[in-house]
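Q: pasting the sequence and the predicted coordinates here, then a few questions.
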Amino acid sequence: MPWVTRRDMTLDTTRITVVGGGHAGRGLAAYLSLQGYEVTLYNRTFQNVAGIHQIGGLHVTGVIEGFAPLHLVTDDMGAAIPGRDMILVTVPAHAHRWIAERMAPYLESGQLVLLMPGRTGGALEFSRVLSLMSCESEILLGEAQTYSFVSRTTGATSVHVSEIKNFVRVSAFPAIGNRRLLRHLRRLPLSFELADNVMETGLDNIGAMLHPAPTILSAGLLESRGGGYNHYRDAISPTVAHLIERMDAERVQVAEELSLSPVTLVEWLRESYDATGSTLYECIRNVKAYENVGSPSNLHHRYVLEDVPTGLVPIAFLGRLVGVKTPTIDTVINMACHLYERSFWREGRNLVRLGLEGLTPTEVIEYVYTGVRATEVPSIDELWSVYGMEVDEV
């Protein structure tokens, strides 16, 4: 029986910073504010949140309604990070390195940093950057498999939240901190399920399955019309859905070779949205939250620029590490490279950027549990935690 946090908990005075003022960050910040939390919103481009700063909050519609006041709206990391209990990072995953570099000088021991989501290898890359930046603060670092909401920016100072997922899987890096992570997340009015480790959350990267292939295959329509269609209902036809199922089968096989128990994309849609249907195409057609989701308006969009280098590329590299071929995923990556005239293979999260170079599959699993590479000697405290002798209670 997995441990799960529930939405119907007692709220407290947790001070939260949401990093990222786009669709996801606005939805999360507005929701937490309306639940009574003190929320700071950080965005690296102040112009994009200047209106929110001016009126002191966000107008939110959808499954939650109202005006959500914010404690602070800023582009100053030095003002956004110190003194905060939780830092929830909602920026596209290809910005994680940039955020980690600039956040490192201001982090304080005891803070929780949660990547929402980490995509594939987010916490691993984030941790490696903090180490390279000589960050000595003892933070609790975690990542979510995906974002808790379906939300879209509707204006300079507004956001629409159309769905809150039933639950989202999370893990700490290293996984010896999982119980402590869950205890902290119980303070939020969201539902989380604890994954075994960040390999599980990373390889359950649903966005990498649902976003790049339909966008690339719709490039002609997208550019000629400037978007204007429904990404899930129009771009994912029965044939495209079958292609995605083949990609998903490769992802699942990579995860299984790392001794994980991944959920298929169809299973995830059923769990997260109560979708019905025997095929991916049928399930997507039965997700109500996808009814009004638009399409990118141009090819410079995170559906490719985020989900290829921080999703498909690391999955392909992990496949090579464990001896699993990923021909369908490789084909979509190569199509993206040719379409965009750039090397996502070079730009993306490779084994070096994840801190996994030179490790065997067994050593990878040991590393994500302990945070200690095979060539390093773990402390007695780390060993006790790995073997289930943690003091912390849930």
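A: Good, I have the coordinates.

Q: check contacts around the spatially most central residue of the chain.
A: In the chain, the residue lying closest to the centroid (Cα atoms, centre = their mean) is Pro117, at 1.1 Å. By Cβ atoms under 8 Å, 6 or more residues apart in numbering, the contact list for Pro117 reads 93, 143-147, 168, 201, 205, 207. Every residue, glycine included, has its C-beta placed from N, CA and C.

Q: which of those lies closest to Val49?
A: Closest approach between these and Val49, by Cβ to Cβ: Tyr147, at 18.5 Å.

Q: could I get the contacts of Pro117 in a markdown table, plus columns for distance to Val73, secondary structure and neighbour count?
A: Formatted as a markdown table, the contacts of Pro117 follow (distance: Cβ to Cβ, whole Å; DSSP: H, G, I helix; E, B strand; the rest coil; neighbours: other Cβ atoms under 10 Å):
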| residue | distance to Val73 | secondary structure | neighbour count |
| --- | --- | --- | --- |
| Ala93 | 23 | helix | 28 |
| Glu143 | 25 | strand | 30 |
| Ala144 | 23 | strand | 26 |
| Gln145 | 28 | coil | 28 |
| Thr146 | 25 | coil | 19 |
| Tyr147 | 20 | coil | 18 |
| Val168 | 25 | strand | 23 |
| Thr201 | 29 | helix | 31 |
| Asn205 | 30 | coil | 27 |
| Gly207 | 27 | helix | 20 |
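
Q: count of residues packed around Ile320?
A: Heads up, residue 320 is Arg, not Ile. Residues within reach of Arg320, counting by other Cβ atoms under 10 Å, total 13.

Q: I meant Thr239, not that one.
A: 10.

Q: which element is it on?
A: helix 238-257 (DSSP states H and E).

Q: same check on Thr153?
A: Applying DSSP H and E as the criterion places Thr153 in strand 149-155.

Q: against which helices or strands is that strand packed?
A: helix 23-34, strand 57-62, strand 158-164 (3 or more Cβ pairs under 8 Å, 6 or more residues apart in numbering; DSSP states H and E).

Q: most neighbours per residue, which of the ones you listed?
A: Each of these was given a mean neighbour count from mean count of other Cβ atoms under 10 Å, and the largest, a mean of 26, is that of helix 23-34.

Q: let me see the contact set for Asn230.
A: 290-295.

Q: verify the stated contact: Glu125 with Leu356.
A: No. When contacts are counted by Cβ atoms under 8 Å, Glu125 is not listed as touching Leu356 (10.4 Å).

Q: what ranges of the stretch 1-150 of the chain fall below the confidence cut-off?
A: 1-12 (pLDDT under 70).

Q: tell me where it has helices.
A: For the stretch 1-150 of the chain, applying DSSP state H, counting those that start in this stretch gives helices covering 23-34, 50-55, 77-80, 96-103, 122-132.

Q: how about these in a markdown table, adding distance to Pro69?
A: Output for the helices of the stretch 1-150 of the chain, formatted as a markdown table (distance: least, Cβ to Cβ, whole Å):
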| stretch | distance to Pro69 |
| --- | --- |
| helix 23-34 | 6 |
| helix 50-55 | 9 |
| helix 77-80 | 17 |
| helix 96-103 | 24 |
| helix 122-132 | 30 |
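
Q: between those helices, which gets nearest to Ala175?
A: The nearest among those, by Cβ to Cβ, is helix 122-132 at 10.1 Å.

Q: list the buried residues of that closest one.
A: Residues of helix 122-132 classed as buried: 122-130 (neighbour count, 16 or more other Cβ atoms under 10 Å).

Q: what of stretch 258-276?
A: Quick answer for stretch 258-276 (16+ other Cβ under 10 Å): 258, 260, 262-266, 268-270, 272-273, 275.

Q: just stretch 63-83 next, same as before
A: For stretch 63-83, by 16+ other Cβ under 10 Å, it's 63-64, 68, 70-71, 73-75, 77, 80-81.
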